[in-house]
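S.K.: predicted model, plus sequence, below.
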Amino acid sequence: MDDILPLAIPQNMKTQSFAVTEVKTLKHTHTWVIKGFSQCECRYLETVPVVPTLDASKHAFRVRLHPQGNKESNKDFCFFQVFSQTSLKYRAKFCVANCKGEEIPATVYNGTQQLNGYFEYIRREQLIQHVQPQDEIKLSLQLTIVQDTVTRNTHVDPGITISPELTVRTMAKQLGDQFKDPQFTDFLIKCTDPSSKQEKEIKCHRFMLYSRSPYFRAMLQDHTLEFKKSEVNFEDIDFDIMQLFIEFLYSGNFNKVSKDHTVVQELLKLGDRFEVMELREAAEIALRQNLNVENVCEVLQIADLHNTKALKRECLRYICNNAVEVLRTDSWAQLSTHCPDLVTACMSHMVKSEESDDPPSKRFRSNDCS
């Protein structure tokens, strides 16, 4: 056998096949509360964990508490024991705490004496002191049970892992690319181009509209005119805004428009109209983050119209905290003329703020706008 030399495998050698082995485990925690521990003088207490996914007739575990050791030589120690009636391999770990949840460390028994099962121990006097005055122990056993070992072949290197976030981003990009590629599209959306005033078409896929919007789901039932003609015309929506809306349906990407206040407002309206809650929420967050003295009144009207309560509260709070500047703007004058109910809501919010415990710098003072 001396003539057989070890095989040196070059690092750049190409592998034609792969295999991966997975050890499947089951985790189970069993908690046991012992009250009046210091008065317990029996040889041991016992409980049986119920593991729902295991057949109790074939696989059983028993947990024992030995309050004063398991023989005369170790009576000054409290032993925690788990042993099994199963062929399954397992790992165990005890957690010992008082009723406040304060844990006391236990020591794993690694002695030469042959004992049945897994043991941990704590000096009895130390444990009794730790659980006073309630005299109550909370004992938790954490079991990791090996159920099966599976080896399978795979066509990809199992050493290369792809994070879920990367997978989602990749999928979103690929779907976004599909929107830009007219191949295999089967539905037309027609809108008016605001610059040329001409009708323009957006090519898209029925399945994407159907899956992303309850509005389109209803429209694309097989009995509707839109379904039969494979097109729909929205005369009241600008082409550019609709194109951004459809692109969001494909990619879920809102970042490139989140700073354009006017576009965000329009997308919020479309998110509400077409029942795309993700878009509505993304637009609402963007508007909340970009409120200023000049736009807050306009955003308040949009929030009220589309019943976005969190955005409306944020607008009222912003107006209250910046009342002197806001009340001097043209947008406030327009709000006062066209939306008296919202002005009333603003004033009510200001009064409540004056009566609150907010810092003085945050309160509205009525004489500031006189």
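M.R.: Great, that's in hand. Worth saying up front: this structure is predicted, and the values here are computed from it rather than measured.
S.K.: any regions of the stretch 101-250 of the chain where pLDDT drops low?
M.R.: 112-115, 160-174, 176, 179 (pLDDT under 70).
S.K.: name the SS class of N307, please.
M.R.: coil (DSSP: H, G, I helix; E, B strand; the rest coil).
S.K.: what about it, neighbour count?
M.R.: Counted by other CB atoms under 10 Å, the residues lying close to N307 total 9. Heads up, the C-betas are built off the backbone N, CA and C, glycines and all.
S.K.: how about the one 3 residues further on?
M.R.: Close neighbours of A310, defined as other CB under 10 Å, add up to 12.
S.K.: which of the helices or strands spans it?
M.R.: If you go by DSSP states H and E, A310 is part of helix 309-321.
S.K.: I'd like the mean pLDDT over that helix, please.
M.R.: What helix 309-321 shows for mean pLDDT is 91.
S.K.: likewise for stretch 328-344?
M.R.: Stretch 328-344 carries an average pLDDT of 91.
S.K.: list the buried residues of that stretch.
M.R.: By 16 or more other CB atoms under 10 Å, the buried positions in stretch 328-344 come out as S331, W332, L335, C339, L342, V343.
S.K.: so where do the strands sit in the stretch 101-250 of the chain?
M.R.: Secondary structure of the stretch 101-250 of the chain (DSSP state E, counting those that start in this stretch): strands at 103-104, 107-108, 118-123, 136-154, 187-192, 199-204, 231-238.
S.K.: go through these and name the closest to T47.
M.R.: Comparing the strands of the stretch 101-250 of the chain by their distance to T47 (CB to CB), the top pick is strand 136-154, with 8.8 Å.
S.K.: pairing partners for the closest one, with directions?
M.R.: Using DSSP bridges, strand 136-154 pairs in its sheet with strand 18-35 (antiparallel), strand 90-97 (antiparallel).
S.K.: and T47, how many neighbours?
M.R.: 16.
S.K.: looks like it contacts A60 (just checking).
M.R.: No - judged on CB atoms under 8 Å, T47 makes no contact with A60 at a distance of 11.8 Å.
S.K.: S331 should be in a helix, yeah?
M.R.: Yes - per three-state DSSP, S331 lies within a helix segment.
S.K.: that one: what's it in contact with?
M.R.: Taking CB atoms under 8 Å, 6 or more residues apart in numbering, we find S331 in contact with E294, N295, V296, C297, E298.
S.K.: the second one: what's it in contact with?
M.R.: Neighbouring residues of N295 by CB under 8 Å, 6+ apart: H261, S331.
S.K.: with the last one instead?
M.R.: With CB under 8 Å, 6+ apart as the criterion, the residues that contact E298 are Q265, S331.
S.K.: now do the helices in the protein.
M.R.: For the chain, applying DSSP state H gives helices covering 124-131, 164-180, 206-212, 214-219, 225-229, 239-251, 261-273, 277-289, 296-305, 309-321, 323-326, 330-338, 340-354.
S.K.: compute the first-to-last residue distance for stretch 218-238.
M.R.: 22 Å (CA to CA, to the nearest Å).
S.K.: got the strands paired with strand 136-154 as TSV, with mean pLDDT and distance to K138 columns?
M.R.: Putting the strands paired with strand 136-154 into TSV (pLDDT from 0 to 100; distance: least, CB to CB, whole Å) gives the following:
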stretch	mean pLDDT	distance to K138
strand 18-35	91	5
strand 90-97	93	5
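S.K.: any idea which of these is most buried?
M.R.: strand 90-97 (a mean of 18; mean count of other CB atoms under 10 Å).
S.K.: and the angle from that one to strand 118-123?
M.R.: 20 degrees (axes from the mean of the first three to the mean of the last three CA atoms, to 10 degrees).
S.K.: mind exporting the C-alpha coordinates of stretch 71-91 to CSV?
M.R.: Presented in CSV, the C-alpha positions along stretch 71-91 are these (Å, rounded to 0.1, in the frame of the first residue of the first chain):
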residue,chain,number,x,y,z
LYS,A,71,-26.6,9.5,47.1
GLU,A,72,-25.1,10.3,50.5
SER,A,73,-21.8,11.6,49.1
ASN,A,74,-23.4,14.4,47.0
LYS,A,75,-26.4,15.3,49.2
ASP,A,76,-25.2,18.9,49.3
PHE,A,77,-25.9,19.3,45.6
CYS,A,78,-29.2,19.5,43.6
PHE,A,79,-29.1,17.4,40.5
PHE,A,80,-31.1,18.0,37.2
GLN,A,81,-31.3,14.9,35.1
VAL,A,82,-32.8,14.0,31.7
PHE,A,83,-32.8,10.5,30.2
SER,A,84,-34.5,9.1,27.2
GLN,A,85,-36.4,6.0,26.1
THR,A,86,-35.7,6.5,22.5
SER,A,87,-33.1,5.5,19.9
LEU,A,88,-32.9,9.1,18.7
LYS,A,89,-29.8,11.1,19.5
TYR,A,90,-30.3,14.4,21.4
ARG,A,91,-28.6,17.3,23.1
